[in-house]
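In: I need the structure of the sequence given here:
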Amino acid sequence: MTQEDSALDALVRKRIRGLRSAMGWSLDDLAARCYLSPSTLSRIETGHRRISLDQLSAIARALGTSLDQLVESTADDDVLIRPQHDAARGLTTWMLNRQPGVIVAKLRLTKPAPTSAEALKVHPGRDWFTVLSGAVTLVLGDRRIVVETGQAAEFSTMIPHAFGAHGGPAEALGILDQDGRRTHLRSLPDGGEDEDTEEGRGS
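Out: Numbers count the residues shown, from 1 in each chain. Now for the predicted structure:
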């Protein structure tokens with residue numbers, strides 16, 4: 001076992017004990033729920049017994065968590081949120097969650113919203129954002145709406161839309177579905193834009 005594996009093994013045991021304690025369960029309580037003997041569970045928690053995959057799965061279910069969460073790494077990449085900057089679009093993005101489906105992201109906008117109708121995008125779903133600082137111009141079809149600090153906006157993304165900074169840099173917190181992420185946040189690896197994100201100052 002490598003040092004890294006050993007550290008993760010110790011962390012898993014601490015997680016089991018910590019979750020059990022947080023629920024107010026004794027060793028007997030958890031043992032009964034995962035069909036292990038209290039002595040076996042005690043040796044697992046204290047590191048005096050190796051944990052089999054079957055035992056770990058049963059313990060995770062009993063504790064109301066998943067096997068993946070119980071054994072997830074504590075590497076810095078799991079903690080630090082590094083911004084992705086797109087200078088051409090004037091957009092810096094901090095992805096605040098890693099789960100599939102709905103995306104939560106902090107956005108910093110420095111360029112104004114586009115003025116041409118060709119730059120507006122359409123995709124299925126709804127977008128929501130709240131402005132943390134500055135002001136954001138939201139373009140919805142023929143409408144240009146200024147959303148100021150502390151205000152929020154929600155809209156159907158089937159309406160041609162885009163947004164950008166209004167009168168200076170702005171920061172916003174956005175909730176986007178996968179289509180919104182693909183349309184508004186993704187850049188090509190070479191720094192260029194794909195069809196969906198070209199001109200994208202988008203939500």
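
In: And residue 32, how close does it get to residue 20?
Out: 12 Å (Cβ to Cβ, to the nearest Å). Using the backbone N, CA and C atoms, a C-beta is placed for each residue, glycine as well.

In: Give the residue from these two that has the larger number of neighbours.
Out: Neighbours were counted for residue 32 and for residue 20 using other Cβ atoms under 10 Å; residue 20 has more, 21 against 15.

In: That one looks like it's in a helix, true?
Out: Yes - with DSSP: H, G, I helix; E, B strand; the rest coil as the criterion, residue 20 is located in a helix.

In: Would you check that it makes contact with residue 28?
Out: No - applying Cβ atoms under 8 Å as the test, residue 20 and residue 28 come out as separate, 10.7 Å apart.

In: so where is this structure shaky, pLDDT-wise?
Out: Scanning the chain for pLDDT under 70 picks out 1-5, 73-80, 98-101, 178-203.

In: can you list contacts of the one helix or strand residue 32 maps to?
Out: Assigned by DSSP states H and E, residue 32 belongs to helix 27-34. Helix 27-34 has contacts (Cβ atoms under 8 Å, 6 or more residues apart in numbering) with 20, 23, 25, 37-38, 40-42, 45, 55, 58-59, 61-63.

In: which SS state does residue 56 fall under?
Out: Residue 56 is classified as helix under three-state DSSP.

In: give me the number of residues near it?
Out: Using other Cβ under 10 Å, residue 56 is surrounded by 17 other residues.

In: All set now, cheers.
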